[in-house]
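[1] sharing a sequence plus its predicted fold:
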Amino acid sequence: MDRRSLFQASAGLAMLSLPGLSRPASAGAPFRNDVPPAWYRFRHGEFEATVVSDGRLPLGQPEPAFPASPPAEIKALLNSNFLPPDSATLEQNVLVINTGRQLVLFDTGMGDSMGADGRMFGPGTGRMLANLRRAGIEPEQIDLVVLSHAHCDHCWALVNEAGERNFPNAQVAISEADLRYWTDSNNKRGPAFMTSFIDGATKNLAPYRDRMVMVRDGAEVVPGITAIAAPGHTVGHTCYAITSDGRTLVYTADLAHHHVLLLQRPAWEFSFDTDPKQSAQTRSRMLQRLVSDRHSVLSYHFPWPGLGHVVAAGEAYAWLPEPMDLTARS
């Protein structure tokens with residue numbers, strides 16, 4: 001027997017003698033099929049930021065969400081970015097900022113306040129409160145809920161199904177334009193979703209009427225957090241600049257829902273926009289501003305946890321996610 005054959009035979013005998021290898025291996029562990037807690041914490045200057053997930057929001061076939069866009073171009077863009085061409089999914093990244101003096105929550109996710117209507121996008125939403133607690137934050141600790149706008153996936157967790165406040169000690173900051181529009185039953189016209197959106201906003205905002213803060217473009221909501229009017233998606237849609245120790249993070253909310261379709265094609269219209277053309281104009285202007293200022297961005301609907309930068313890509317834009325830092329912090 002030559003040296004190679006002898007070595008192979010010896011290795012085989014050694015393997016057979018190992019404990020547990022005298023019988024065929026089997027994969028006996030069952031699939032878990034559960035969802036892990038989803039929260040991510042990082043420092044922003046002197047502030048501490050935590051992102052908690054409200055779950056994934058499936059749009060299904062993307063074409064109805066972008067009704068004025070060529071279907072073939074939608075599919076081509078998704079394919080070229082390794083995304084399924086027949087299904088669009090949005091994240092829901094809820095931001096919490098601890099300024100050292102106040103705990104500020106940006107938007108609330110879908111919640112369960114509207115029962116079956118609240119599950120219009122499937123059962124995978126409404127996870128914000130559970131993930132908030134898993135991140136070590138109790139709803140009673142929230143001092144201020146800052147609403148970018150009053151759509152279902154941004155304000156329907158202000159109260160529970162019984163109409164009781166989920167954030168009993170919090171004020172609510174919102175633009176006066178959005179407050180008026182989404183609590184006016186005369187606006188129940190146009191798309192079918194308008195009725196449930198207005199009913200849901202009315203139910204969720206009413207219990208906080210005595211503790212409302214009206215935000216104004218360019219004004220601070222609390223020290224370090226400044227409102228930026230970005231109308232179009234809704235009449236009073238607002239982004240927020242969060243500045244600490246010389247660093248600015250811009251919470252863009254629903255400025256752009258999809259990190260590929262609405263950055264590579266910023267002029268495209270989105271079906272849930274109140275004024276699609278104004279929304280596209282606002283998006284293009286704000287994206288250029290984000291590129292020029294080089295600020296960090298936290299997007300509500302971009303891939304988890306929504307943190308990254310907008311960069312120029314030819315005549316359009318691209319999304320560069322920021323690597324997640326999983327090291328311990330003191």
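    Structure's in. What do you need?
[2] and Ala316, what is it in contact with?
    Leu263, Gln264, Arg265, Pro266 (Cβ atoms under 8 Å, 6 or more residues apart in numbering). C-beta coordinates here come from the backbone N, C-alpha and C atoms, glycine included.
[3] correct me if wrong: the second one contacts Ala318.
    So that's Gln264. Yes. Assessed by Cβ atoms under 8 Å, Gln264 is found in contact with Ala318 at 7.1 Å.
[4] pick out whichever of the two has more residues nearby.
    Shown here are Gln264 and Ala318; by other Cβ atoms under 10 Å, Gln264 has more neighbours (20 against 17).
[5] for the more buried one, which non-adjacent residue is closest in space?
    The shortest distance from Gln264 to any non-neighbouring residue, by Cβ to Cβ, 6 or more residues apart in numbering, is to Ala316 (4.9 Å).
[6] any idea how far Glu269 is from Pro85?
    In this view, Glu269 and Pro85 are 20 Å apart by Cβ to Cβ, to the nearest Å.
[7] ditto for Asn204
    Counting by Cβ to Cβ, the gap from Asn204 to Pro85 is 35 Å.
[8] so what's Ala177 up against?
    Contacts of Ala177 (Cβ under 8 Å, 6+ apart): Pro231, Val235, Gly236.
[9] that one in helix, strand or coil?
    Here Ala177 is recorded as helix under DSSP: H, G, I helix; E, B strand; the rest coil.
[10] likewise for Asp153?
    The three-state label given to Asp153 by three-state DSSP is helix.
[11] pLDDT weak spots in the stretch 201-330 of the chain?
    Residue ranges of the stretch 201-330 of the chain with pLDDT under 70: 328-330.
[12] now do the strands in it.
    212-215, 220-222, 225-229, 238-244, 247-253, 296-299, 307-313, 316-321 (DSSP state E, counting those that start in this stretch).
[13] make CSV from the ones you listed and add distance to Ser80 to it.
    CSV is the format used below for the strands of the stretch 201-330 of the chain (distance: least, Cβ to Cβ, whole Å):
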stretch, distance to Ser80
strand 212-215, 38
strand 220-222, 39
strand 225-229, 31
strand 238-244, 28
strand 247-253, 24
strand 296-299, 21
strand 307-313, 13
strand 316-321, 12
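[14] count of residues packed around Ser279?
    That count, for Ser279 with other Cβ under 10 Å as the rule, works out to 25.
[15] so what's it up against?
    By Cβ under 8 Å, 6+ apart, the contact list for Ser279 reads Pro231, Gly232, His233, His237, Glu269, Phe270, Asp273.
[16] quick check: of those residues, which lies closest to Arg32?
    The closest of these to Arg32 turns out to be Phe270 (Cβ to Cβ; 35.1 Å).
[17] I'd say the closest one and His257 touch.
    Yes. Counting by Cβ under 8 Å, Phe270 does reach His257; the two are 5.8 Å apart.
[18] quickly list what's touching both of these two.
    With Cβ under 8 Å, 6+ apart as the test, Phe270 and His257 both reach Ala65.
[19] in the chain, which helix is the longest?
    Of all segments of type helix in the chain, defined using DSSP state H, the longest is helix 276-293.
[20] flag every buried residue along that one.
    Neighbour-count burial for helix 276-293, counted by 16 or more other Cβ atoms under 10 Å, picks out Pro276, Gln278, Ser279, Ala280, Thr282, Arg283, Met286, Leu287, Leu290, Val291.
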